[in-house]
Structure formats: C-alpha cells, structure tokens
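J.: one predicted model, sequence on top.
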Amino acid sequence: MHQADGSGQLYALVDCNNFFVSCERALKPSLQGRPVVVLSSNDGCAVARSNEVKALGVKMGAPWFQMQALARRHGIVALSSNFTLYGDMSDRVVAILRDFSPEVEVYSIDESFLGIKGMDGQWATPSAMGQAMRQRVLQWTGLPVCVGVANSKTLAKLANHVAKKQPDFDSVCDFSSMTKSELDALLAHIDVNEVWGIGRKTAEHLRRIGINTVGVLRQASVNTLRTHFGVVMERIVSELHGVSCLGLDEAETPRQQIIASRSFGAPVMTVDALAEAVSSYVARACERLRGQGLVCGAVHAAIETSRFKESEQHYANGVTVPLHDPADDVRLLTGAALSGLRRIFRAGYQYKKAGVILMDLSPAAIRQHSLFDSVGMGVQSAQVMAAMDAVNALYGRDTLHLGSAGTQSRWMTRSDNRTPLYTTSWDELPRVRAG
DNA sequence: TCTGGGGTCCTAGGACCC
DNA sequence: TCTGGGGTCCTAGGACCC
C-alpha cells in the first residue's frame, strides 16, 4: 500500500503518445511500425511525428518540403491532418478516464489531469492504477498513452516525461511513491526546459546563471529566482517541491478570445482576395461564438506576408475594431473585420496569412437582461439577480460574481484570475445586495 | 515553389482619478 | 497652480502552452 503523505494532493497526467499519428494508426493499422508524419494545413509542416520519424531527427514544425529527400529514403508516410477525427478520439479517451476519477481536467486535445487522491483504493499502488488506465485506453480506443503521477501538476508532467523517455518504467511513472534520493537522482538528469512553464527563453536565462537541470533548479534560492523571473517561476519551483499551487480546473471555462486564421497556399495580393478569406474566418469564428453562448465586443483583423522570404520586406499588421454593442451577428462582425482590413491593407505585398480574433467576449445572457446598460447603483436588484442566475445556470454557478471596487460600483465581474480582489463569493451576494 | 492554428497569463507603462 | 502619494484601468507585448 502506498503511503499518503502530507501534501494532500495526488495528480495523474495522462498523455497520448504522438496523438495525431496514433489516431491515424487506430484507423489504419497498416501504418503501425512505419514512419508517419501528420502535416499542418496546406501540408506545410509536421505537427505530429511517430517515434520512427523522431528517431530520424525530424523536429516538431519542420517544413515538409525540406524533408522530401529523407522521406523518400526512409519511406515516411505523410498524412494531411483530420481534426474531426482527433476531436472524436479525444472525447473517447476522456470518457474512459472519467471512469477512473470524477475529477478530470481536460488540459488539451491529447492530455488530461486526474485528481486521484483516494480514488486508487482498489489498486495496490498509483502505478497499478496508471497501468489500468493505460491498458483500458489502449484496448478501447487503440491509442497508447503514458501516465505520470505526483503530488503537483508540474511534477506529474515531469513524471509523464520520464514515463515516455525511460522504457524501464513501462509507460507509467509515479514520483509520489519514490524516496527523496530516488527522485533526486532522476531529476538530476532532466534538463530545465523539460519543466512545464519553462520555455526556450527562460531556459537560456537559467543556463546563464548555472541552472541546467531540474535538480539544480530545485536547490536554487526561491528569493533569487523570484526577483529574476517573477511569480511564475516561484510557483513552478514550489510545484517542483511537491507543493501543489495549481489546482484542478474541472469546469469548462468560457473562452476569452476566439481566433480564426490560416496561411495561404499561394500568396495573395489584392484586398478583395483578403476580404474573402477574412469573411470566411469571421463566419467560422462566429459559429463558435454562438456555440458557446457568447457575444463579442471587438473584432481584430490581421494580415501578414511571409516571415521566411528574405528577399521581400516583411509586413505584418493588425487592428482592433470595437463594436458599439456586443454582438454575435455575422454581418456586423464581418463589417467590422473588413473595415479593419481596409485600414491595414497595403498594396504591393504578397500576403501569406490572414486572421481574425473575436475579443472582449461576454455571455450573451447578460445582453438579454439589459445589464450592459445598467451598471451602477440605480439598477434593480431583482434584475441583477435574474441576469446572474441566468448566466450562472448557463455557465456554472461561479461564472459571475457581484462585487465592488473602491468607490466605483462594479456590479459584475467575470470570475477570472485577473480580478479576484474585486469579486465577492456567491455566498456573500445577499449581503452585498443589501448594502 | 513549398514554413500551423489555436490559446493563456504576466508585466510594464501610460492615462486617469482622488 | 504646484507637488506628491496612492490607487485603478487599459493595452501592448512577451513568454509560454499544446
């Protein structure tokens, strides 16, 4: 029986191996064992690689045209991406994981965090539970996964990394059952840039001050790190010590922005051609907007020439067009995007990419209760309550809070992390209303 | 010739208010 | 009008994630 230590949390990170490639293989078993890449739109570059392809040195994001020779030599199979398939397979994996724990955070299309504290009773160890997950997902979907277990999400990510890289772990690695010296020995050999939240820039910076491995990072002074790198690093290091700072985000939070953008197969020169692309992007973004019951307050339009052509001057520009009223009307949003496009269009360039971003999103239900016009003290409490009820029924009871900030009365704030000081909890609502 | 498409969070700096 | 502190709000840009 594994021992429950004092930290109180236990996370499993379940991550599908080479997800897009594995989905294609599940559909077409003859691809098993062969080198396979899945390509981005326009078959531009590799967005997923099988182990065989990784072994050939092909990097993530490598342009397809640059590996033609290699592909011919080794018989690499290149497939166009099929996101409908991947989304469907992802849903099936998540459904299986929910049988193992009710606490599931779907982190991305191919990975989920599970809260497994107290859920592993029917297995001898967390590792045994991980093996059970892995076998069931493989059996029911054909997808191979790796499982990392630890007392914090950041450590669980690292454990997953070890499970993937070190075959003797048999695809499941549990840090929580290791002794301190066992864990130290493992972390001493892991590069800092493998840590969740430490990217290229920060890793370079860390290396410059002599911090190369996770082991060294864990020993570094928290105060020094905090002054050099800010609060994010502070949190990362706490997590690396097994102190859980990042909780499980189980509820589906509404998007803050919706992006639709594409690179063009062939360059585009005219404003008309760009307008056509932009219109179609708005239409797709708008569909997602309404699907989530949101309205948008501003539309951002952007265009760009090729970043890779040295011979031509690079031009990239974008502009945000505010709307008079938040809306989800496709004609309104298209109009805004096109007026933005006309402002940034410059003739004579070969455009390779365009996109739109729907910004300043809010639940449409607020509109239905005319709350946008009624910010301030004069508003009827019943009206506020009705609107909040409607919104919270739609998005979960914590979507909106009533609160106030200083002398400025602020009837509603979205309960995102940026404004925690101004929100009061749902339970305090009646008191705030009475005041 | 051919180089993806989404997202989030944090910080710094300026405008503005009392 | 000047000086100054304390504070909020908004935005752009950077870094990161998959």
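T.: Yep, that arrived.

J.: surely A:Met133 touches A:Val94?
T.: No. Assessed by CB atoms under 8 Å, A:Met133 is found out of contact with A:Val94, at 11.8 Å. Every C-beta, even on glycine, is put in place using the N, C-alpha and C of the backbone.

J.: which one's more surrounded, the two?
T.: Comparing A:Met133 with A:Val94 by neighbour count (other CB atoms under 10 Å), the higher total belongs to A:Met133, at 23 against 14.

J.: mind checking the SS state of the more buried one?
T.: helix (DSSP: H, G, I helix; E, B strand; the rest coil).

J.: what ranges does chain A have for its strands?
T.: A:11-16, A:36-39, A:46-49, A:77-80, A:104-108, A:111-115, A:145-150, A:172-174, A:258-268, A:294-305, A:316-327, A:351-363, A:400-405, A:408-414 (DSSP state E).

J.: pick the most buried one from those.
T.: Mean neighbour count (mean count of other CB atoms under 10 Å) peaks for strand A:145-150 among the strands of chain A, with a mean of 28.

J.: which neighbouring elements make contact with that strand?
T.: Contacts defined by 3 or more CB pairs under 8 Å, 6 or more residues apart in numbering; DSSP states H and E place strand A:145-150 against strand A:11-16, helix A:126-141, helix A:153-165, strand A:172-174.

J.: the residue of chain A found nearest DNA strand C: neighbour count?
T.: Nearest residue of chain A to DNA strand C, counting by CB to the nearest atom of the strand: A:Gly199, 2.2 Å away. Using other CB under 10 Å, A:Gly199 has 10 neighbouring residues.

J.: and what of A:Ser127?
T.: By other CB under 10 Å, 21 other residues sit near A:Ser127.

J.: just the pLDDT for it.
T.: A:Ser127 is assigned 97 on the pLDDT scale.

J.: what's near enough to touch the closest residue to it other than its chain neighbours?
T.: Once flanking residues are discounted, A:Ser127 sits nearest to A:Asp174: 4.5 Å by CB to CB, 6 or more residues apart in numbering. Neighbour list for A:Asp174: A:His2, A:Thr125, A:Pro126, A:Ser127, A:Gly130, A:Gly148, A:Val149, A:Ala150, A:Ala159 [criterion: CB atoms under 8 Å, 6 or more residues apart in numbering].

J.: want to throw the helices and strands packed on strand A:145-150 into TSV with distance to DNA strand C?
T.: Formatted as TSV, the helices and strands packed on strand A:145-150 follow (distance: least, CB to the nearest atom of the strand, whole Å):
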stretch	distance to DNA strand C
strand A:11-16	8
helix A:126-141	16
helix A:153-165	6
strand A:172-174	16
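
J.: near DNA strand B, which residues of the stretch 51-200 of chain A show up?
T.: A:Met60, A:Gly61, A:Pro63, A:Phe65 (CB under 7 Å from any atom of the strand).

J.: who wins for neighbours among those?
T.: A:Pro63 (14 neighbours).

J.: what about the residue nearest to that residue when sequence neighbours are not counted, how many residues close to it?
T.: In space, and not counting its chain neighbours, A:Pro63 is closest to A:Cys45: 4.8 Å by CB to CB, 6+ apart. A count of neighbours around A:Cys45, defined by other CB under 10 Å, yields 19.

J.: do stretch A:265-283 and DNA strand B meet?
T.: Yes. Applying CB under 7 Å from any atom of the strand, one finds stretch A:265-283 touching DNA strand B at A:Gly265, A:Ala266, A:Pro267, A:Tyr281.

J.: state the pair within the contacts of A:Asp174 that is farthest apart.
T.: Taking CB to CB, the two most distant members of the contacts of A:Asp174 are A:His2 and A:Gly148; they sit 15.2 Å apart.

J.: who does A:Val319 bridge with?
T.: Beta-bridge partners for A:Val319, by DSSP bridges, are A:Ala301.

J.: state which one residue of chain A is found closest to DNA strand B.
T.: For chain A, CB to the nearest atom of the strand, closest residue to DNA strand B: A:Ser40, 2.7 Å.

J.: next, work out how far apart A:Lys54 and A:Lys157 are.
T.: Note on A:Lys54: its distance to A:Lys157, by CB to CB, to the nearest Å, is 19 Å.

J.: same check on A:Ile190?
T.: Applying CB to CB to A:Ile190 and A:Lys157 gives a distance of 11 Å.

J.: who has more neighbours, those two?
T.: A:Lys157 (22 against 18).

J.: how many residues are close by the residue of chain A closest to DNA strand B?
T.: Using other CB under 10 Å, the number of residues around A:Ser40 comes to 16.
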